[in-house]
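Q: I'll drop the sequence and a predicted model, then ask my questions.
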Protein chains: 2
Amino acid sequence: MKIGELAAVARCTVETVRYYEKEGLLPAATRSGGNFRQYGAEHVERLRFIRNCRALDMSHGEIRRLLELADHPQDDCGAVNEVFDQHIAHVAERIRELEQLRAALTHLRQRCCDTQAVDACGILHGIAEMENATLPERHTHL
Amino acid sequence: MKIGELAAVARCTVETVRYYEKEGLLPAATRSGGNFRQYGAEHVERLRFIRNCRALDMSHGEIRRLLELADHPQDDCGAVNEVFDQHIAHVAERIRELEQLRAALTHLRQRCCDTQAVDACGILHGIAEMENATLPERHTHL
DNA sequence: TCCACAACCTGAAGCTACTATAGAGTCAAG
DNA sequence: CTTGACTCTATAGTAGCTTCAGGTTGTGGA
């Protein structure tokens, strides 16, 4: 199977496949006489795994770790659960951050209910007066 | 005031200040004899505004738009409200996406309750079996 | 006056996860 | 034998910075 077909079955672009190879997420393919990449079922499986992890918003670092662990089938899967739990924690943390953010934005929004002159706009004044202590820093890649 | 002091009062790094100047968010400073940037109160105000917008997770594009609008104090502030409402909508949308994601992750997590061999791990099998239709695409910069 | 050292300067590269482009080569059908 | 789809490599761009290299300026103590 050539790269276009692989990309099609995994629903990603050809460029993404080549990028994963360069990043070491996908092992280098064998080459045909004309230097075209040749793939088999194991590449399909691996690429689909990677794309599914990306659909779950995992970083390449997290995916790399999962792939390493999956490559030792006899080992205990506790480490897998750990990676996964940490990822869930990242997501939960980001949701908390964004909910704080939404509350702050909604509060600010109420400072300008009517349309008026810009220099009297409650939103702009609200932003100018903010103390940075209000909001959290970002802790995740999400 | 020199760049280090400006950065300190706005609680960001010197590099960030120079970056904002290069991006055109912050107007170019006048220079001292030794080519050091010199800032005044208006720069402090503007930089604090920018940093507060960033704390609200606005993109540089959104901030640029707000700054433009703020530079025409006599105009109607309806456009400001519009930018703001759209940003709130972005945040709400991202929260929805992440909550879907969390649900999917939590569901997957339940497929491996006990520690066992990697090749029997319900999480890894679950990821491998996923259909990409499950999850939404990202629509915002958040 | 000299020296050390902090703070400043510019320009370029690195980060994440891709996407897009240019220019060239390969292959199957008509 | 030509057309056109597909592939190849290498490079640059995206957002919002951070880090680094290599050089200049300003300030305080000896």
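A: Good, I have the coordinates. Worth saying up front: this structure is predicted, and the values here are computed from it rather than measured. Numbers count the residues shown, from 1 in each chain, chains lettered A, B, ... in the order given.
Q: Where does chain A get nearest to DNA strand D, which residue?
A: Residue nearest to DNA strand D within chain A (C-beta to the nearest atom of the strand): A:G4, separated by 2.5 Å. No exception for glycine: its C-beta is placed from N, CA and C like everyone else's.
Q: So what does that residue have for phi and psi?
A: phi -60, psi -40 (degrees, to the nearest 10).
Q: center of chain A - which residue?
A: The centroid of chain A falls nearest to A:D57 when counting by C-alpha atoms, centre = their mean (3.3 Å).
Q: residues in contact with it?
A: A:D57 makes contact with A:H87, A:V91, A:L142, B:L101 under the criterion C-beta atoms under 8 Å, 6 or more residues apart in numbering or on different chains.
Q: mind redoing it with 10 Å?
A: A:87, A:90-91, A:94, A:140-142, B:97-98, B:101, B:104-105, B:135, B:138 (C-beta atoms under 10 Å, 6 or more residues apart in numbering or on different chains).
Q: Run a quick neighbour tally on the residue in chain A positioned nearest to DNA strand C.
A: Nearest residue of chain A to DNA strand C: A:G34, at 2.1 Å (C-beta to the nearest atom of the strand). A:G34 has 5 neighbouring residues, counting by other C-beta atoms under 10 Å in any protein chain shown.
Q: for A:R18, same thing?
A: 15.
Q: residues in contact with A:V80?
A: A:65-66, A:69-70, B:112, B:115-116, B:118, B:121-124, B:127.
Q: Which secondary structure state does the residue of chain A closest to DNA strand C sit in?
A: coil (DSSP: H, G, I helix; E, B strand; the rest coil).
Q: Now it, what are its backbone angles?
A: Torsion angles, degrees, to the nearest 10, at A:G34: phi -90, psi 20.
Q: Which segments of chain A make up each domain?
A: A:3-55, A:78-134 (automatic domain parsing).
Q: for chain A, longest helix please?
A: The longest helix of chain A (DSSP state H) is helix A:78-109.
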